[in-house]
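Enquirer: Sequence plus predicted model, see below.
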Amino acid sequence: MMRPYKDCVTIYRRIYIVCCSDLCCCRPAVATAAAALHNTAMSVLSSNDAWASWLQHSLQKLRDNNLERMLRPLVPTGCTVQVGDEQCALIQWVALMLPTHTYLVMSCMTYLDQPWQRCGVHIACLAAASLALLLLCEPQALIFMEEHEAWLRGQQSPDSCPDLALDPGSRSPAMQQHLNRIVLFSVNDYLGLSTHPALKAAAANAAWQVGCGPRSSALVSGFTTEHRQLELELARLKGTEDALLFPTGFSANVAVVSVLASAADNSSAVGYASGDTATTIKQPKVVIFSDELNHASLIDGARLALRGGSDVALCVYRHNDLAHLEQLLHQAPATARKLVITDSLFSMDGDFADLQGLVALKRCWGFLLVVDEAHATLVCGTHGGGAAEMMGVHELDAYVGTLSKAAGALGGFVACSKDMRQLLLNRGRGVVYSTALPVPVVAAARAALRVSQSEAWRRQHLWSLVRLVSDSLGVPALSPIIPLVVGDETAALALSKRLLQQGYHVPAIRPPTVPHGTCRLRISLSAEHTMFQVLELLQAIKSGLAALSGVQLRSLPHMRLPLHQWRVACVEQRQHPDQQLSIQQSKTVQPCRM
């Protein structure tokens, strides 16, 4: 295969040699040109070497700090919270090694075993296979034994993945004996709807009738009646005038923050405030106030607004510290438009924003309040309306959500007023320049909304599991997201590995996702989990903590409820099992300084 840069270097060198041999023939101009070509070629090679060195150094630094992450292809099944993996591959997974597979399915393409070069890509056949898509008829999940061992050893997966038949009847006894079961406590499918028969039927019927639907931007021809019906149903769920669909929740957050923070002119006075200090702001037109633990999509939306050439300033207030937020509001120019953005249910800590307090501040300061309800939609509230419904808050300006978590599908949305929807539709680059969601995905999301209302027991069972974990581990579990903070990376990885060896996937969360010193295991509960599965996990966690000397669970200083208040709330919940847990916001909030 051609290597453009290397071949050019060879040519440059030959020209240089030829021209140098002709110097005696009085061709200084040619020799000068050849020398210039030679220097250019050497510069290109030097640049390539510099990038290659930087790449290897960066990867090694991640490995040295136990921060390298790997993709692990798993075998999906008919059960939301269980998957399959190969036994020996799981061992390799924990050891951070590249997996090998004895179960050969097909020849696949991969890179040659030689150093990677940016100049060209080499392709060859590899007679080994990774993992394939395998669907089982019973609600269990299997994993190739070799892949399971690779996972345990922490090995990477190969770059290819064979394609196995989806028909459960195609499973051979040889295939089944190479599979292990893993229970996932790492999915965001909180209601277990991704494998619900109603969603599968809705997606299948839509695909049979219209395929994926028009493949175009929503503004061009990708928007269908199915999309519009979903928007109206989401607006009813959130109690707003209208809603707008986005390809993902990430793109929805980026769009809503960057569009709402856009100013009228093209000047670029920018300020920043964080902690107890604030940079002087030169009369910005818009000031964004962001909780320090907000999701990366909200942060990126704010950063995009700062770089948009508008008069925008960014102030970051300490997590859930409304006194600090009010201080920053007071420091901001009175003439500036103010935008407050926050998660409602924080994805790594599992605690809630003080929405009642934020609404009280909104009444005083008149800011625009945008709340990301990604992890709370369909999970919190009597009807699944989210944390705002659970807390009795109805004065938010925009509800951002996702269809890829409790809804079990894919996509994002913003529920808001009709005017705001129109502005986002015309200015939000995430929707303007992206292909609309496939119709089967939209149909599945609509089915999820219906099931979430007709099968309310899913929410009740989910919150009963939350109380079970809280009672057993003695941690203030405030939501289906339960962080087990152990401190450093080594402890988190060790405990996660022990659980994986016993068939439970609880991922270790490390920097930069969480601050240094707060590495944790993130338990994510689902209505698909049984009480027995959770009890077994809790026993495995307790035995794992006992086996790892010096590793103890730590409490986060900013959790919304002290443990004794949580106990009182749990007792009240048991007296009224038909109602969701009522979270009373504490009057004082200990700020988290990180």
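Expert: That came in fine, so what should we check first?

Enquirer: Can you report how many residues neighbour Ala323?
Expert: 12 (other C-beta atoms under 10 Å). All C-beta spots, glycine's among them, are computed from the backbone N, C-alpha and C.

Enquirer: repeat for the one 5 residues further on
Expert: When neighbours are defined as other C-beta under 10 Å, Leu328 has 19 of them.

Enquirer: what helix or strand is it on?
Expert: Here Leu328 sits within helix 322-331, counting by DSSP states H and E.

Enquirer: other SSEs contacting that helix?
Expert: Under the contact definition 3 or more C-beta pairs under 8 Å, 6 or more residues apart in numbering; DSSP states H and E, helix 322-331 sits against strand 286-291, strand 312-317, helix 355-365.

Enquirer: Tell me where the stretch 151-300 of the chain has strands.
Expert: With DSSP state E, counting those that start in this stretch as the criterion, the stretch 151-300 of the chain has strands at 153-154, 179-184, 242-246, 272-274, 277-278, 286-291.

Enquirer: List the contacts of the last one.
Expert: The set of residues that contact strand 286-291 without belonging to it, under C-beta atoms under 8 Å, 6 or more residues apart in numbering, is 257, 260-263, 281, 298-299, 302, 305, 310-317, 319-320, 325, 328-329, 332-333, 336-343, 353, 367.

Enquirer: Quickly run through the sheet partners of that strand, with directions.
Expert: Strand 286-291 has the following sheet partners, assigned by DSSP bridges: strand 312-317 (parallel), strand 337-343 (parallel).

Enquirer: Of those, which is nearest Leu465?
Expert: strand 337-343 (21.7 Å; C-beta to C-beta).

Enquirer: what angle separates that closest one from helix 355-365?
Expert: 180 degrees (axes from the mean of the first three to the mean of the last three C-alpha atoms, to 10 degrees).

Enquirer: Tell me what angle the helix holding Leu328 forms with strand 312-317.
Expert: 150 degrees.

Enquirer: which residues touch the nearest residue to Ala201 once chain neighbours are set aside?
Expert: Nearest residue to Ala201, sequence neighbours excluded (C-beta to C-beta, 6 or more residues apart in numbering): Ala447, at 7.5 Å. Ala447 is in contact with His196, Ala198, Leu199, Ala201, Ala202, Ala203, counting by C-beta under 8 Å, 6+ apart.

Enquirer: and with 10 Å instead?
Expert: Listed by C-beta atoms under 10 Å, 6 or more residues apart in numbering, the contact partners of Ala447 are 193, 196-203, 205-206, 407-409.

Enquirer: From those residues, keep the buried residues only.
Expert: Leu193, His196, Ala198, Leu199, Ala202, Ala203, Ala206, Ala407, Gly408, Ala409 (16 or more other C-beta atoms under 10 Å).

Enquirer: need these in JSON lines with pLDDT and distance to Lys362, can you?
Expert: Formatted as JSON lines, the buried ones among the contacts of Ala447 follow (pLDDT from 0 to 100; distance: C-beta to C-beta, whole Å):
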{"residue": "Leu193", "pLDDT": "97", "distance to Lys362": "33"}
{"residue": "His196", "pLDDT": "96", "distance to Lys362": "37"}
{"residue": "Ala198", "pLDDT": "97", "distance to Lys362": "38"}
{"residue": "Leu199", "pLDDT": "97", "distance to Lys362": "36"}
{"residue": "Ala202", "pLDDT": "97", "distance to Lys362": "38"}
{"residue": "Ala203", "pLDDT": "97", "distance to Lys362": "39"}
{"residue": "Ala206", "pLDDT": "94", "distance to Lys362": "40"}
{"residue": "Ala407", "pLDDT": "97", "distance to Lys362": "28"}
{"residue": "Gly408", "pLDDT": "96", "distance to Lys362": "32"}
{"residue": "Ala409", "pLDDT": "97", "distance to Lys362": "32"}
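
Enquirer: Just give me the closest of those to Leu293.
Expert: Ala407 (23.6 Å).

Enquirer: distance of that closest one from Cys364?
Expert: Ala407 sits 35 Å away from Cys364, going by C-beta to C-beta, to the nearest Å.

Enquirer: Kindly report the same for Leu325.
Expert: For Leu325, the distance to Cys364 equals 11 Å [C-beta to C-beta].

Enquirer: Which pLDDT value goes with Arg427?
Expert: pLDDT, Arg427: 88.

Enquirer: Run through the stretch 251-400 of the chain and note the low-pLDDT ranges.
Expert: Counting by pLDDT under 70, the stretch 251-400 of the chain shows low-confidence ranges at 263-282, 309-310.

Enquirer: redo that, cut-off 50
Expert: Residue ranges of the stretch 251-400 of the chain with pLDDT under 50: 264-272, 274-281.

Enquirer: measure Ala218 to Leu244 for me?
Expert: Distance from Ala218 to Leu244, by C-beta to C-beta: 9 Å.

Enquirer: Find residues that contact each of those two.
Expert: Listed as contacting both Ala218 and Leu244 by C-beta under 10 Å, 6+ apart are His227, Leu425, Val431.

Enquirer: Which member of the residues you listed exhibits the greatest number of neighbouring residues?
Expert: Val431 (24 neighbours).

Enquirer: Name the residues of stretch 537-549 that come out as buried.
Expert: Leu537, Leu538, Ala540, Ile541, Gly544, Leu545, Leu548.

Enquirer: Inside strands: which ones of these?
Expert: Among those, DSSP state E puts none in strands.

Enquirer: Mind putting those into TSV with distance to Gln460 and pLDDT?
Expert: Compiled in TSV, the buried residues of stretch 537-549 are given as follows (distance: C-beta to C-beta, whole Å; pLDDT from 0 to 100):
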residue	distance to Gln460	pLDDT
Leu537	20	97
Leu538	20	97
Ala540	25	96
Ile541	24	96
Gly544	30	93
Leu545	30	93
Leu548	35	90
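
Enquirer: higher neighbour count, Leu325 and Cys364?
Expert: Neighbours were counted for Leu325 and for Cys364 using other C-beta under 10 Å; Leu325 has more, 25 against 9.

Enquirer: from what I can see the more buried one touches Cys315, true?
Expert: Yes: look at Leu325 against Cys315 with C-beta atoms under 10 Å: they come within range, at 8.4 Å.

Enquirer: ok, back up a step: how about the residue nearest to Ala201, secondary structure?
Expert: Three-state call for Ala447 (DSSP: H, G, I helix; E, B strand; the rest coil): helix.

Enquirer: Okay, now the unreliable bits of this protein?
Expert: 1-26, 71-73, 98-141, 165, 264-272, 274-281, 560-571, 573-575, 577-594.

Enquirer: check contacts around Met531.
Expert: Contacts here follow C-beta under 10 Å, 6+ apart; on that basis Met531 touches His461, Ser464, Leu465, Leu468.

Enquirer: Buried members of the residues you listed into PyMOL, please.
Expert: Restricted to buried positions by 16+ other C-beta under 10 Å, the PyMOL selection for these reads:
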select buried, resi 461+464+465+468
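
Enquirer: Which ones among the contacts of Met531 lie within helices?
Expert: In helices, judged by DSSP state H, the following of the contacts of Met531 are found: His461, Ser464, Leu465, Leu468.

Enquirer: List the contacts of the last one.
Expert: The one in question is Leu468. Counting by C-beta under 10 Å, 6+ apart, Leu468 has contacts Ala477, Leu525, His529, Met531, Val534, Leu535, Leu538.
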